[in-house]
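Trainee: the following comprises the amino acid sequence and a computationally predicted model.
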There are 2 protein chains.
Amino acid sequence: MERAMSLGMLADSALIAHGRGEAFDYLLGEQTHPFATEAIHQAIAALKKGERPVLCVNGNTVALAGREMLELASRLSCPIEINIFYRTDARIQALQNELNELNQAYDFRVEILGAMPDAEISGLRGPRAKCESRGIYSSDVVFVPLEDGDRCEALVAMGKTVIVVDLNPLSRSASKASITIVNELSRTIQTINQILSNHQPTELNPQYSNEDILHRALQAIREGIR
Amino acid sequence: MERAMSLGMLADSALIAHGRGEAFDYLLGEQTHPFATEAIHQAIAALKKGERPVLCVNGNTVALAGREMLELASRLSCPIEINIFYRTDARIQALQNELNELNQAYDFRVEILGAMPDAEISGLRGPRAKCESRGIYSSDVVFVPLEDGDRCEALVAMGKTVIVVDLNPLSRSASKASITIVNELSRTIQTINQILSNHQPTELNPQYSNEDILHRALQAIREGIR
């Protein structure tokens, strides 16, 4: 995170948000719980079943799991779209540089979108609404770790399946998303890549209940406080 | 916090630590609970009874409650010592400038120590051990909000009464301190100043149990998660 900060990839508020996540991870015992694994399987199935999946990254996601997100996009043959809350050209550029370098270094050949927005997320205003027509706008499944509540809600309202990674099961993103993975980000993406590389079969579970997942996550935090 | 960051008062890690605190405050409902009020009263009694009390501040404390800490030092007629974990001359200077400006602007006339350390906290090594002989070193009661666990433990081992403000009741500082106020910092200092300005009587409670305070704080967090 400190390297990403010095490279101009993050707003100051990104570090504060990261700290909030750390506190919840601490209360969860810094481990991947069964409710997270279950949501991860559902997320993989949704991404594989999607006709136009997209991975959407902000500064924290690139800082914590840039390489892993590119690996995942490569495995899914889908683009990555940079989409940040406090949008500045300098930050978009810093994130694009970082992803381009990783893309080349590991020969992932993933398409990186986000620098030339030509569409808007319905129901949002200003810079945070901007997106690309070939990416988020026309996607049916969006994997968007660490998303803010407003945008998560707007994407769901557009009829998309929205998958978030959020350590706070009480957050608005967590409760609005279609699938919420309550787990630390880099552990999550590593697990997803591992499941994909093992060609483990994944099927959408028709009984999947995100409400139940969140309930179990809260229970785990309560137990962690003992 | 962002203003303090831009003035060079904070390490990047300070923002992450602030975020961790925010998460706990959120779980506590962002309010001052009775267990915090009880610890606050005990803290005030200890500070007033102390022969050489000192208020010890780091970057986050100055950022969140610099003026309030000066007001408190003025009311107690005691010095403030700047004592930061990742000590650099530039950061010490930035913090001293901020406190000097506030000191002048509000005519507090509080002595600011920390820039010329001439003693060490026993049991610690390197820059984080540095302190002033007229301040922390010879104090009997240290009010040190947001302290790290090592230093808290070392100060207690020197025989001092150590008062911390820590939103995480499970932290090492919280469990090692003599008196732990589990509450957001600026709410805490405002409450202390209000009690002092009202001349409310405060007596050391011989039945005070810090363990009990921490237990009640954990209970409140568990209840907040419902």
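Mentor: Looks like it came in fine. Numbers count the residues shown, from 1 in each chain, chains lettered A, B, ... in the order given.
Trainee: could you give the number of residues near A:Gln96?
Mentor: By the measure other C-beta atoms under 10 Å in any protein chain shown, the count of residues near A:Gln96 is 18. Quick note: C-beta positions are derived from backbone N, CA and C, even for glycine.
Trainee: how close does it get to A:Gly59?
Mentor: Plainly put, A:Gln96 is 12 Å away from A:Gly59 if you go by C-beta to C-beta, to the nearest Å.
Trainee: enumerate the residues of chain A near chain B.
Mentor: Within chain A, the positions lying close to chain B (C-beta under 8 Å from any C-beta of the partner chain) are A:1-2, A:5, A:12-13, A:15-24, A:26, A:168, A:170, A:218, A:221-222, A:225-226.
Trainee: and the residues you listed, which of them are buried?
Mentor: A:1, A:5, A:12, A:15-24, A:26, A:168, A:170, A:218, A:221-222, A:225 (16 or more other C-beta atoms under 10 Å in any protein chain shown).
Trainee: show the contacting residues for the nearest residue to A:Met116 once chain neighbours are set aside.
Mentor: Excluding the flanking residues, the one nearest A:Met116 by C-beta to C-beta, 6 or more residues apart in numbering or on different chains is A:Glu132, at 6.8 Å. Contacts for A:Glu132 were tallied using C-beta atoms under 8 Å, 6 or more residues apart in numbering or on different chains; they are A:81, A:113-114, A:116-119.
Trainee: looking at those residues, spot the one nearest chain B.
Mentor: A:Gly114 (24.4 Å; C-beta to the nearest C-beta).
Trainee: contacts only, for the closest residue to that closest one other than its chain neighbours.
Mentor: The shortest distance from A:Gly114 to any non-neighbouring residue, by C-beta to C-beta, 6+ apart, is to A:Ile82 (3.2 Å). Shown in contact with A:Ile82 (C-beta under 8 Å, 6+ apart): A:57-58, A:62, A:92, A:95-96, A:99, A:112-115.
Trainee: and if you look at A:Asp118?
Mentor: With C-beta under 8 Å, 6+ apart, A:Asp118 has these contacts: A:132-133.
Trainee: before we move on, the earlier item: pLDDT at the residue nearest to A:Gly114, what is it?
Mentor: Here the pLDDT value assigned to A:Ile82 is 96.
Trainee: could I get the contacting residues of the closest residue to chain B within chain A?
Mentor: Closest to chain B within chain A is A:Gly19: 2.2 Å, counting by C-beta to the nearest C-beta. Contact analysis of A:Gly19 by C-beta under 8 Å, 6+ apart lists B:15-23.
Trainee: name the element it belongs to?
Mentor: For A:Gly19, the host element (DSSP states H and E) is helix A:12-27.
Trainee: mind listing the strands for chain A?
Mentor: A:53-57, A:80-82, A:112-113, A:119-120, A:130-131, A:141-143, A:161-165, A:179-181 (DSSP state E).
Trainee: I'd like to know which elements the fourth one is packed against.
Mentor: Translated: strand A:119-120. strand A:130-131 (3 or more C-beta pairs under 8 Å, 6 or more residues apart in numbering or on different chains; DSSP states H and E).
Trainee: low-scoring stretches of chain A, by residue?
Mentor: Scanning chain A for pLDDT under 70 picks out nothing.
Trainee: what residue is smack in the middle of it?
Mentor: A:Pro145 (1.7 Å; C-alpha atoms, centre = their mean).
Trainee: give me the nearest residue to it, chain neighbours excluded.
Mentor: A:Val165 (3.8 Å).
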